[in-house]
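Visitor: 3D model of this:
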Amino acid sequence: MADECATPVGSEAQSHTPEIVIITGMSGAGRSQAMHTFEDVGYFCIDNLPPSFIPQLVVLASLPDSRITRLAVVCDVRAQEFFDELAGELDDLSNRDIAFNILFLEADDDVLVTRFKETRRPHPLRGEGDSIVKAIKDERQALAIIRGHADLVIDTSDMTPRELGSAIRERFFRENRAAALTVTVSSFGFKYGVPIDADIVMDVRFLPNPFYNPDLRPFTGLDQPVRDFVLSRDETAAFLSTWKPLLESVLPGYVMEGKTHLVVALGCTGGMHRSVALAEETAEFMRGLGFRAAVSHRDIGKDRERS
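Guide: From the prediction side, this is the model:
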């Protein structure tokens, strides 16, 4: 049983075929919440997709210009023939060496009955005159084959939606928890205000300022002379020796807490030199830890515009 999303087989598939998760299981067991969890960690998600459309979707996602690298599909199967169709489509993916994982969600009958009563929504397999109990029994029998092929089965009987999300992150990303968190590292100038969306703010104005060096003033932290000036200082080395271990220790905590996007902001006076160089250094360090880290330099050109 796979706990982490499988990677496609073959170098060409690795380049173009997205990671694929099929989400299915009992109605009322939490499929929608599962989809939201995968969506939050960067998967392209489609709900209630007819099984026959899965191969077409994989082809589209595998095109050279596609930006879809991770795909989650919720199959809300409403009749016996569709259950058979889903099994056939998944066999077809396997025969084409396209890797995927099946997440199957289930819950006890009494829990499902209570959930349907609380939401007042009809069970999709409940016929006229049938009880909810019979519909649940029919669905469980119809899903038996798919359940037997599932890579991961989660019983949500005693779980809240939040706990289900945590269980998915823990079991699907156990060996690569960094994949569940996207980080934006932003530089900024304190004179223009602290970014309102920042989760972690670091003030680096204590470091020597290249602005006061006439030869460096026209450049930014993206230019090598400024980077060398900032990063070669003993003060910077001392700072990074504590800053990097701090990030390494707190980032896994954000993942386990359920956070999917983290903004780390580093600020200097104008947001042009020190913070830019250190934002780049911080993002590079995070990528080395396995996190997806993007860089944004909010104020890098504002001092030039004002001069």
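Visitor: Give me the helices and strands touching the host helix or strand of residue 253, please.
Guide: Secondary-structure element containing residue 253, defined by DSSP states H and E: helix 234-257. In terms of contacts (3 or more Cβ pairs under 8 Å, 6 or more residues apart in numbering; DSSP states H and E), helix 234-257 is packed against helix 161-172, strand 261-268, helix 274-288. Every C-beta, even on glycine, is put in place using the N, C-alpha and C of the backbone.
Visitor: right, and the helix or strand after the helix or strand of the chain with the lowest mean pLDDT?
Guide: Sorting the helices and strands of the chain by mean pLDDT, DSSP states H and E puts helix 11-16 at the bottom, at a mean of 45. Helices and strands here follow DSSP H and E; after helix 11-16, the next one along the chain is strand 19-25.
Visitor: Report the mean confidence score over that following strand.
Guide: The predicted model assigns strand 19-25 a mean pLDDT of 91.
Visitor: Tell me the buried residues in that strand?
Guide: With burial defined by 16 or more other Cβ atoms under 10 Å, the residues of strand 19-25 counted as buried are 19-25.
Visitor: Helix, strand or coil: sort out residue 185 for me.
Guide: Secondary structure state of residue 185, per DSSP: H, G, I helix; E, B strand; the rest coil, is strand.
Visitor: related to what we said a few turns ago, and the helix holding residue 253, how far out from the chain middle?
Guide: 21 Å (Cα atoms, centre = their mean, to the nearest Å).
Visitor: Next: stretch 279-298.
Guide: 16 Å.
Visitor: same question, stretch 140-150
Guide: Using Cα atoms, centre = their mean, the offset of stretch 140-150 from its chain centre is 27 Å.
Visitor: Identify each buried residue in that stretch, please.
Guide: So stretch 140-150, judged by 16+ other Cβ under 10 Å, has buried residues 142-143, 146-147, 150.
Visitor: Just send these back as a markdown table, with pLDDT, secondary structure and distance to residue 47 too.
Guide: Output for the buried residues of stretch 140-150, formatted as a markdown table (pLDDT from 0 to 100; DSSP: H, G, I helix; E, B strand; the rest coil; distance: Cβ to Cβ, whole Å):
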| residue | pLDDT | secondary structure | distance to residue 47 |
| --- | --- | --- | --- |
| 142 | 84 | helix | 20 |
| 143 | 87 | coil | 18 |
| 146 | 87 | helix | 17 |
| 147 | 90 | helix | 20 |
| 150 | 91 | coil | 19 |
